[in-house]
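S.K.: What follows is a predicted structure for the sequence shown.
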Amino acid sequence: MISSPIDEIKNRLDIVEVISSYIKLQKAGANFRAVCPFHSEKKPSLFVSPTRQIWHCFGCGQGGDIFRFVMQIEGVEFGDALRILAQKAGIELKRQDPKLKTERNRLYEICELTCRFFEKQLAASSVGQEAEKYLLGRGINKESLKKWRVGYAPAVWQGLSDFLNSRGYQKGEIEKAGLGLTSEKGSFYDRFRGRIIFPIFDLNSQVIGFGGRVFKEKDKKEIAKYVNTPQTMLYDKGKLLYGLDKSKVAIRKNDACIMVEGYVDAIMAFQSGTENVVATSGTALTPFQLKILKRYSSNLLTAFDMDVAGDSATKRGIELAQAQGFNIKIITMDQGQDPADLILESPEAWQQKIVEAKSILQFYFENTFSRFDAGTPEGKRDISKIILPVIKRIPNVIERAHWIQELAKRLGVKEEVVEEGLKNVNGAYHEVASAEPAGEPEPIKIIPRKQLLEETVAALVVNNPENTLELINQDCLCWFSPHIQTIFTDLKKGKKIEEDDFIKYLYLKAEVEGEGIDCKNEVQLCLRGIEMIDTKSRLDSISQEIKKAETEKELERVQNLTREFNKLANKLVVKE
Ligand SMILES: [Zn+2]
């Protein structure tokens with residue numbers, strides 16, 4: 001029998017091994033447990049069952065098989081999780097029929113081929129070697145060049161496009177990939193020429209664009225320093241963070257993301273062991289990027305050149321992040337120094353800077369008070385003009401109150417005055433994300449109490465029917481979801497129940513929650529709880545009906561319903 005690649009992958013990979021490559025697992029009886037990476041908690045409530053090859057978090061209710069886990073932790077869709085796990089399992093997925101290839105797929109191919117072309121140029125051509133020497137001089141080692149697939153675009157008009165043509169790609173496609181342009185006179189030429197090339201990857205490490213940088217001193221004066229892929233079907237700079245494909249797991253592990261500005265900064269940071277880093281490539285943070293980052297952590301550390309008094313794109317991006325509830329710390333760099341320089345000079349000093357990062361409010365206070373004289377009325381005005389909007393954007397009221405106090409104290413005015421001043425500031429950000437990031441993991445579900453009780457009963461009964469099945473009589477059967485009802489009916493008929501994902505989950509739940517408890521007693525307690533919830537919801541709907549009958553002036557119905565209501569309510573009181 002030929003098995004599907006999904007089954008084949010599940011056969012070859014052990015869930016414990018896969019999950020422990022992302023998070024730390026501890027042995028807990030027959031299972032393993034861990035602190036859940038998908039909701040914030042201190043006590044571990046995520047369990048992994050090696051016998052059933054499933055995982056489940058009893059805190060946030062998420063769970064499933066290895067595919068589900070990889071989708072969640074990598075923030076990718078099923079197809080990508082399949083690819084990642086196929087690679088781990090050493091299984092080759094069947095190639096798609098070329099005729100079925102979409103335009104998108106062809107653009108991916110063009111980008112991948114282009115990336116290889118540039119990599120080859122860096123390694124083989126003489127100018128490429130010069131470029132490599134320059135990069136090594138900046139401190140990037142050969143291993144990093146390979147990892148980040150840095151390349152070189154030759155200084156000719158049609159180097160890449162000729163190569164792509166020879167591989168069967170047309171001008172139109174090359175242009176759509178953002179790699180070629182047509183001049184006014186109609187001649188076609190390469191966008192990237194005579195530059196060091198940094199490929200840009202999507203979350204699955206597929207090349208989707210490029211950033212080109214000049215490196216020769218004379219070029220730096222004569223031509224544009226930066227050339228980047230324009231917006232294409234694959235590449236949108238407002239949705240991308242450079243390096244996130246490589247750093248996302250470390251960001252989740254450290255629960256913090258360090259943001260730098262340039263590609264070289266990110267590569268050098270990574271090389272020095274700071275793996276939770278992304279680069280913004282000098283553009284302001286967009287709501288979209290922030291939303292993607294939130295999947296991994298809501299703690300941001302920035303190592304930007306920040307001017308608190310000016311109105312820079314960088315500052316606006318940080319303010320937006322602050323307003324969206326990110327905790328922001330500022331790594332202060334010396335004037336004119338960027339992380340890459342500092343790391344080259346001293347990796348220890350870079351580490352120290354990270355440790356010493358200041359909260360955004362601390363940073364604003366120190367920076368502003370050192371710049372203006374808080375002793376003069378003008379100084380007070382200038383300081384408050386800068387700091388009030390930052391305070392206004394603090395989402396948490398207690399934290400905001402703290403900084404209001406602090407500002408009042410340092411300016412030597414009453415708190416009420418600062419509060420008055422805050423009212424006149426429009427600081428709150430109302431900008432909302434315009435589009436949802438693709439493949440956004442489902443938000444954490446809040447599981448209703450009734451469902452929790454139902455599942456506990458089902459778990460205990462499935463695991464231990466001899467003791468507990470008799471408690472499920474005809475009256476209480478109707479409280480359960482149809483799926484659980486079927487399970488109970490099958491058990492009562494003595495039918496063997498099929499071990500599907502839900503049943504596997506129930507067994508794991510019974511193992512985790514049922515240890516050392518009196519099953520029978522627990523089932524009785526849960527049934528009682530369900531009955532209460534059920535009764536309360538019936539009371540609710542009766543009282544709705546009573547209201548309706550009252551407005552419709554149907555007195556007899558009102559009376560009947562009230563009688564019914566009292567009878568039910570009595571039941572609640574007597575038992576309670
Ligand atoms: Zn969880």
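M.R.: Great, that's in hand.
S.K.: Mind listing what's buried along stretch 492-506?
M.R.: For stretch 492-506, burial by neighbour count (16 or more other C-beta atoms under 10 Å) applies to 503-506. Glycine gets a C-beta too; all of them are placed from N, C-alpha and C.
S.K.: Also stretch 255-263?
M.R.: Within stretch 255-263, the residues that qualify as buried are 256-263, counting by 16+ other C-beta under 10 Å.
S.K.: longest single helix anywhere in the chain?
M.R.: Of all the elements of type helix in the chain, the one with the most residues (DSSP state H) is helix 519-551.
S.K.: The helix or strand just after that helix versus helix 519-551: what angle between them?
M.R.: In the C-terminal direction, the helix or strand that comes right after helix 519-551 (DSSP states H and E) is helix 555-575. In this structure, helix 555-575 runs at an angle of 160 degrees to helix 519-551, with axes from the mean of the first three to the mean of the last three C-alpha atoms, to 10 degrees as the basis.
S.K.: re the thing from before, which strands and helices sit next to the longest helix of the chain?
M.R.: The contact analysis (3 or more C-beta pairs under 8 Å, 6 or more residues apart in numbering; DSSP states H and E) places helix 519-551 against helix 449-463, helix 465-468, helix 474-477, helix 555-575.
S.K.: Kindly provide the distance from residue 359 to the ion.
M.R.: Summarising the geometry, the distance separating residue 359 from the ion, computed by C-beta to the ion, to the nearest Å, is 28 Å.
S.K.: which residues does that residue contact?
M.R.: Contact partners of residue 359, counting by C-beta atoms under 8 Å, 6 or more residues apart in numbering, are 327-330.
S.K.: Throw those into CSV and include pLDDT, thanks.
M.R.: Shown next, in CSV, are the contacts of residue 359 (pLDDT from 0 to 100):
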residue, pLDDT
327, 92
328, 93
329, 94
330, 93
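S.K.: where does the stretch 301-450 of the chain have low pLDDT?
M.R.: Applying pLDDT under 70 to the predicted model, the residue ranges of the stretch 301-450 of the chain that meet it are 427-446.
S.K.: Look at the closest residue to the ion within the stretch 451-576 of the chain and tell me its secondary structure.
M.R.: Of all residues in the stretch 451-576 of the chain, the one sitting closest to the ion is residue 512 (13.3 Å; C-beta to the ion). The three-state assignment at residue 512 reads helix, by DSSP: H, G, I helix; E, B strand; the rest coil.
S.K.: For stretch 189-197, what is the distance to the chain centroid?
M.R.: Taking C-alpha atoms, centre = their mean, to the nearest Å, one finds the center of stretch 189-197 at 33 Å from the center of the full chain.
S.K.: no wait, stretch 126-141
M.R.: Averaging C-alpha coordinates over stretch 126-141 and over its chain gives two centres that are 34 Å apart (C-alpha atoms, centre = their mean).
S.K.: Also stretch 216-229?
M.R.: For stretch 216-229 - counting by C-alpha atoms, centre = their mean - the centre lies 35 Å from the chain centre.
S.K.: what is the mean pLDDT for it?
M.R.: Taken as a whole, stretch 216-229 has a mean pLDDT of 81.
S.K.: about what we covered before: ok now do the residue of the stretch 451-576 of the chain closest to the ion, which residues does it touch?
M.R.: Shown here is residue 512, whose contacts under the criterion C-beta under 8 Å, 6+ apart are 28, 31, 47, 58.
S.K.: try residue 91
M.R.: Neighbour list for residue 91: 5, 8-9, 12 [criterion: C-beta under 8 Å, 6+ apart].
S.K.: if you set the cut-off to 7 Å instead, what comes out?
M.R.: 5, 8-9 (C-beta atoms under 7 Å, 6 or more residues apart in numbering).
S.K.: just to revisit the earlier point, how about the longest helix of the chain: buried residues?
M.R.: Under 16+ other C-beta under 10 Å, the buried positions of helix 519-551 are 519, 522-523, 526-527, 529-532, 539, 542, 545-546, 549.
S.K.: Stretch 241-257 now?
M.R.: Buried-residue list, stretch 241-257, by 16+ other C-beta under 10 Å: 241-254, 256-257.
S.K.: can you redo the buried residues of stretch 492-506 as CSV with pLDDT, distance to residue 162 and secondary structure?
M.R.: Rendered in CSV, the data for those read as follows (pLDDT from 0 to 100; distance: C-beta to C-beta, whole Å; DSSP: H, G, I helix; E, B strand; the rest coil):
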residue, pLDDT, distance to residue 162, secondary structure
503, 91, 60, helix
504, 90, 56, helix
505, 92, 57, helix
506, 92, 62, helix
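S.K.: Nearest residue to residue 450 in space, ignoring adjacent ones along the chain?
M.R.: In space, and not counting its chain neighbours, residue 450 is closest to residue 533: 4.7 Å by C-beta to C-beta, 6 or more residues apart in numbering.
S.K.: how much space is there between that neighbour and residue 205?
M.R.: In this structure, residue 533 and residue 205 are separated by 48 Å, where distance is defined by C-beta to C-beta, to the nearest Å.
S.K.: Quick one: neighbours of residue 363, just the number.
M.R.: If you count neighbours by other C-beta atoms under 10 Å, residue 363 ends up with 21.
S.K.: Quickly find the element holding the single nearest residue of the stretch 151-300 of the chain relative to the ion.
M.R.: In the stretch 151-300 of the chain, no residue comes nearer to the ion than residue 252, which is 12.8 Å away by C-beta to the ion. Remark: residue 252 resides in helix 244-254, with elements defined by DSSP H and E.
S.K.: Return, as residue ranges, the portions of this protein with sub-threshold pLDDT.
M.R.: Under the criterion of pLDDT under 70, the regions of the chain flagged as low confidence span 1-3, 95-101, 282, 427-446, 574-576.
S.K.: So which bits of it are right by the ion?
M.R.: Taking C-beta under 5 Å from the ion as the criterion, the chain approaches the ion at residues 36, 38-39, 57, 59-60.
S.K.: if we can go back for a sec, how about the helices and strands packed on helix 519-551, which one is nearest residue 378?
M.R.: With C-beta to C-beta, the closest approach to residue 378 among these belongs to helix 449-463: 59.3 Å.
S.K.: Residues in contact with the closest one: which ones?
M.R.: Here helix 449-463 makes contact (C-beta under 7 Å, 6+ apart) with 468-469, 472, 480-481, 484, 487-488, 503, 506-507, 509-510, 513-514, 519, 522-523, 526-527, 529-530, 533.
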